[in-house]
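Asker: mind looking at a prediction? Sequence and model below.
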Amino acid sequence: MPDETGDGLDSFGRHQERRICCSGRKLRVPGDNQAHQNIWPMVLSQGMRRQGRAASVRDGSGRCLMGDGADSDTLLIMSDHAVLLEGVTRTYGKGATEVAALCQVSVGFPRGSFTAVMGPSGSGKSTLLQCASGLDRPDSGTVRVAGQDITHLGEKELAVLRRDRIGVIFQAFNLVPSLTAWQNVILPSRLARRRPDPSRVRELLHRVGLAGRERHRPTQLSGGQQQRVAIARALLGRPEVLFADEPTGALDRRTGHEVLALLREAVDAFGQTVVMVTHDPEAAAQADSVLFLTDGRIVDVLDRPSADQIGMRLGGRR
Ligand SMILES: Nc1ncnc2c1ncn2[C@@H]1O[C@H](COP(=O)(O)OP(=O)(O)OP(=O)(O)O)[C@@H](O)[C@H]1O
């Protein structure tokens, strides 16, 4: 198949097959002069073009998902991504201080999947999460959440989206200082006019190791405990997508395991989608796939790797 885009990809961006495998739905795409090709729509390596040359797209059972002339946009949406980034670029600063935090990143996170994002410090992991969750705007490219293009949404619409569909566990905890741990956990539900189930709130606080701390205010809690309040808060509403930036970084081993179990359960029992930045190979090994960033670009994806395999990929330190 000729490299028509000049960037190492054929007209269907098919080089992703070589290095991308995941829990996403596998589609079969007919090539020009080849039998049906399998492609993995979960992650599109940066630089993938919309070629729009697929004659038709069929799923594994041969059912036609897409007809003549439809473009790869349709293909991507049909593959049921909870979050989809296409050609996302985010640059900070200007001139001599300019930093390209993300360069043409295209990646899809399938509904009900758990993805870990890894890479060296400054490789763009947090920026990826911020752009994907609508907390930051890319300079170019698009971000879709549940099929909706959020790139140009106003602040009010973004706030509603984040309240109703997205949970974030970020390094800045954003707890309300005047509220107790319990009140902080239920605040988003209250704002969304939902009545939180007290037994679920109790269970979550217990599982993140905060039993007995329900009435403490943030200033009466350690940094790690404050983060755990934020984790319980993000999990309570069972959002469609959960973005977690180093959720276990400040936790002891036992609580870290419990938090990872909660994230895994969110995916397995409730079909939520989790995207988690971590530096810890043990934590990343809980995910369905691990995506590696370097200098703002996706450079590799591993499917269900072990902690040892992840350690090897990071530089053979294990
Ligand atoms: N607000 C900002 N202003 C200027 N530069 C920024 C800003 N935010 C991030 N950067 C730069 O963008 C690059 C990517 O940052 P980012 O925080 O996404 O990296 P990271 O992979 O999450 O790093 P770490 O693992 O250290 O948290 C870095 O070079 C960083 O210095």
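Answerer: Arrived safely. Remember, it's a predicted structure, so these values are computed and weren't measured experimentally.

Asker: now do the SS call for I310.
Answerer: Judged by DSSP: H, G, I helix; E, B strand; the rest coil, the three-state class of I310 is helix.

Asker: give me the spatial nearest neighbour of it, chain neighbours excluded.
Answerer: P281 (3.9 Å; Cβ to Cβ, 6 or more residues apart in numbering). (Each C-beta comes from the backbone N, C-alpha and C, glycine too.)

Asker: where does pLDDT dip in the stretch 101-250 of the chain?
Answerer: Where the stretch 101-250 of the chain drops to pLDDT under 70, the residues are 171-172.

Asker: now the strands for it?
Answerer: 114-118, 140-145, 148-149, 166-169, 241-245 (DSSP state E, counting those that start in this stretch).

Asker: helix or strand next in line after the last one, which one?
Answerer: In this case it means strand 241-245. Downstream of strand 241-245, the next assigned helix or strand under DSSP states H and E is helix 253-268.

Asker: just the CA coordinates of the helix or strand following that next one, formatted as CSV?
Answerer: Next helix or strand after helix 253-268 toward the C-terminus (DSSP H and E): strand 273-277. The C-alpha trace of strand 273-277 is given here as CSV (Å, rounded to 0.1, in the frame of the first residue of the first chain):
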residue,chain,number,x,y,z
THR,A,273,-14.1,5.4,31.0
VAL,A,274,-10.9,6.2,32.9
VAL,A,275,-7.9,8.0,31.7
MET,A,276,-5.1,8.2,34.3
VAL,A,277,-1.7,9.8,34.3
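
Asker: neighbouring strands for strand 273-277, and are they parallel or not?
Answerer: strand 114-118 (parallel), strand 241-245 (parallel) (DSSP bridges).

Asker: how about those strands in TSV, adding mean neighbour count and distance to L204?
Answerer: Listed next are those as TSV, based on neighbours: other Cβ atoms under 10 Å; distance: least, Cβ to Cβ, whole Å:
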stretch	mean neighbour count	distance to L204
strand 114-118	26	18
strand 241-245	25	13
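
Asker: which of the ones you listed sits closest to the ligand?
Answerer: Shortest distance between the ligand and those, using Cβ to the nearest ligand atom, is found for strand 241-245: 7.4 Å.
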